[in-house]
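Trainee: just a sequence and a predicted model for now, questions to come.
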Amino acid sequence: MKPVTFFAAIFLSAALAFGVIAQSQHGANSDLRAGMLAATDARDAENSVFEEALKADKYEALVMLGQIGGEACQKLMPYLRGSNLEAKAWAAKGAAYCRDKGFAPLLMEQIQAAKDKSVWAAAIGFTGGEGSKEALATLLNSDVLTAEEKRAILFGLVQAVAYDRTKAADIEGLDILGLVDLARDQGYYGAAYVLARLQGVPEVFPKPKFDSVIYDALRNRQSLEGDKLEIARLIMRVGREYGDPMSDYLLLATDPGEQLTRHEAIRSMGYLNDDKTKTTLLELANGEGDAASRHLAVDALGRRSASDPALVALLEQYVSDDNRWVATTALRWLGQRDAVAANEIAADWLGGDDYYMAFQALIALTGSDEGKAILQAYADANPDTIRGYEAAVALDPSIEAVTKARKTPSAALLASYSERELVLETTRGKVCISMTGDAPYAATSFLQLADLGKMDGMLWHRVIPNFVSQAGQIENKEIAKWGSIREEWGGEHRIGTVGVATAGRDTGTTQFFINTGYNMHLDGRYTVFGKVYAGMDTVYALEEGDVITRAYTAKGPSASCK
């Protein structure tokens, strides 16, 4: 049986509570549904197929209208206010995709009367409307919730706080001790995620109370797996909010072994200022360990250089490191401390032979007015090259937004790719990706890229341990003409899933990422189209600057991936 994604499970739970047997997304291949999918991808809200579907009580149309967004979302209102419980459930899921604060009051009103609060909680979190955080926090305090309702409310809270640096003390009714209990003792991943995304936790949960929490997370981490291990990692992330008193705990986690918490501990040391963790970071940065640990140590030292000027000279040394990932990390921090020195180095990289270093130089040069002047001069002198184009985009990101949307693929083309998978041969090994089936248009676009040879040579240009490894940057101006694809939200961003990188709604093109942490805040915001079924060891070994040497599609499961 195919596993049900978290967001789909929320809907299914609500639908069953309403006495509804929901139509499976994969089980219906009618012309009507195919027409709705095509109209949704084309963002054609006025297509008569939606009216036809709603007349036939096929309320999945409401989710697709929410996916289209904009004025199409107003078509959900009558169903949210109506008495048809099946339609209300579908409309609530559509409202989550609308991201419209105006929906918040109505959704908060509806959740009070709902027998199952799951689908409503997720929708409230996505609106970001006034009072939404408080409403969800208050709901979470109820002692009559089912496990599924708790997960849904926590998921809604994650979405409500993930992007606005919310302070814990500012959410009336939020029970931090209750969140700690849900995370540590009851194993709710969403509770740990909320704690990790909140600001100012120490103000409402003093360190003596937190000591036992982080100790419990550390002592058993070697034997943990799945969500429990991720909870331990997130609790460590909360620990950095307490500052230097956490140093001994973080040092415990830097011993070789379990990499998820080890990397989180190294990153967290960048938020401290004590001598013990500084010494450890220097040892890691200068050591012979894995490249990810060295990169994280240099990154942490760069962060600390704001309060420790003596570290600036070290950054200059690391810029010349043999490992390009370490070197570019050092340059980013050097640019914030000594812009003149950093700009001189970045200008050399921009005109050099190494495209990865040139790309990272573009980012570094945007950090100062002098650097921007260097970029402008380069863009003016090299208008017909990919580097010149990217220099112009670095100065004015709106240039990239003019990408023309790709034409909606035909049903026949979708069918031809429906059973194919993506095989990536990289400088670290092979990665094999099967398609989820939840995002056929995005999947088809990336599979086409591989078939046309346009993935060959792509960089892994953004690698963030415990987060994502992202690819798609390439010194080929033709790629800029590929065109944008639309969102097909759904699926969880768990470890090994593959998502579409975007710069905003419906702006995905040729860049994609593989999740190396369970990134719950990306759920419902970035399209998931695939999952790594072989080669995660390769994904974990990837460094920035690595390359996709060859990409191709195969009828799965590929013989080369067995």
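Mentor: Looks like it arrived, so ask away.
Trainee: residue contacts, Tyr189?
Mentor: Counting by CB atoms under 8 Å, 6 or more residues apart in numbering, Tyr189 touches 183, 227, 230-231, 518, 520. (C-beta placed from N, C-alpha, C; glycine too.)
Trainee: make it 7 Å
Mentor: By CB atoms under 7 Å, 6 or more residues apart in numbering, the contact list for Tyr189 reads 227, 230-231, 518, 520.
Trainee: most widely separated two among the residues you listed?
Mentor: Taking CB to CB, the two most distant members of the contacts of Tyr189 are Ile231 and Met520; they sit 11.5 Å apart.
Trainee: ok, so of the contacts of Tyr189, who is nearest Ser398?
Mentor: When the contacts of Tyr189 are ranked by distance to Ser398 (CB to CB), Met520 comes first, at 30.3 Å.
Trainee: against Phe126, how distant is the closest one?
Mentor: 13 Å (CB to CB, to the nearest Å).
Trainee: do Glu543 as well
Mentor: If you measure Glu543 against Phe126 using CB to CB, the figure is 35 Å.
Trainee: quick one: which of the two has more around it?
Mentor: Phe126 (26 against 19; other CB atoms under 10 Å).
Trainee: mind listing what the more buried one touches?
Mentor: For Phe126, the contact set (CB under 7 Å, 6+ apart) comprises 96, 99, 159, 524.
Trainee: show the pLDDT at the residue nearest the centre of the chain.
Mentor: With the centre of the chain defined as its mean C-alpha position, the nearest residue by CA atoms, centre = their mean is Leu522, 4.2 Å away. According to the prediction, Leu522 has pLDDT 97.
Trainee: thinking again about what came up before, would you list the contacts of Phe126 in TSV and tack on secondary structure, distance to Ile485 and neighbour count?
Mentor: Shown next, in TSV, are the contacts of Phe126 (DSSP: H, G, I helix; E, B strand; the rest coil; distance: CB to CB, whole Å; neighbours: other CB atoms under 10 Å):
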residue	secondary structure	distance to Ile485	neighbour count
Ala96	helix	21	29
Arg99	coil	19	17
Gln159	helix	23	27
Gly524	coil	17	27
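Trainee: related to what we said a few turns ago, quick one, phi psi at the residue nearest to the residue nearest to the centre of the chain when sequence neighbours are not counted?
Mentor: Leaving out its chain neighbours, the residue that sits closest to Leu522 by CB to CB, 6 or more residues apart in numbering is His493, at 4.1 Å. Main-chain dihedrals, His493, degrees, to the nearest 10: phi -90, psi 60.
Trainee: His493 and Val528 touch, don't they?
Mentor: Yes - counting by CB atoms under 7 Å, His493 touches Val528, with 6.4 Å between them.
Trainee: next up, the contacts around Thr538.
Mentor: Contact analysis of Thr538 by CB under 7 Å, 6+ apart lists 426, 428-431.
Trainee: which of those has the most neighbours?
Mentor: Tallying neighbours with other CB under 10 Å puts Val431 at the head of the contacts of Thr538, with 27 neighbours.
Trainee: please, which helix or strand holds that one?
Mentor: strand 429-435 (DSSP states H and E).
Trainee: outside of the helix or strand that contains Glu316, which residues touch it?
Mentor: Using DSSP H and E, Glu316 falls within helix 310-318. Residues outside helix 310-318 that contact it (CB under 7 Å, 6+ apart): 285, 298, 301-302, 304-305, 326-327, 330, 333-334, 337-338, 341.
Trainee: could you rerun that using 10 Å?
Mentor: Identification of contacts with helix 310-318 by CB atoms under 10 Å, 6 or more residues apart in numbering yields 278, 281-282, 285-286, 294-295, 297-298, 301-306, 308, 326-338, 341-342, 345.
Trainee: just how off-centre is that helix within its chain?
Mentor: Centroid displacement of helix 310-318 relative to its chain, using CA atoms, centre = their mean, to the nearest Å, is 31 Å.
Trainee: same check, this time on stretch 159-176
Mentor: Distance, stretch centre to chain centre, for stretch 159-176: 20 Å (CA atoms, centre = their mean).
Trainee: do the same with stretch 468-481
Mentor: Here stretch 468-481 is found 18 Å from its chain centre; the criterion is CA atoms, centre = their mean.
Trainee: could you do stretch 214-227 as well?
Mentor: Mean-position distance between stretch 214-227 and its chain equals 24 Å (CA atoms, centre = their mean).
Trainee: got the contact list for the residue nearest to Lys562 when sequence neighbours are not counted?
Mentor: Nearest residue to Lys562, sequence neighbours excluded (CB to CB, 6+ apart): Ala534, at 7.8 Å. Listed by CB under 10 Å, 6+ apart, the contact set of Ala534 reads 421, 423, 430-434, 557-558, 560-562.
Trainee: neighbour-wise, which one of those leads?
Mentor: For these, the largest neighbour count, defined by other CB under 10 Å, is 29 neighbours, found at Ile433.
Trainee: which residues does that one contact?
Mentor: Counted by CB under 10 Å, 6+ apart, Ile433 has contacts 421-424, 443, 446-447, 450, 496-498, 512, 514, 529-535, 551, 553, 556, 561.
Trainee: filter these down to the buried ones, ChimeraX style.
Mentor: Here is the ChimeraX selection string for the buried members of the contacts of Ile433, based on 16 or more other CB atoms under 10 Å:
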select :421,422,423,424,443,446,447,450,496,497,498,512,514,529,530,531,532,533,534,535,551,553,556,561
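Trainee: in helices only, show me the contacts of Ile433.
Mentor: Among the contacts of Ile433, the members falling in helices (DSSP state H) are 443, 446-447, 450.
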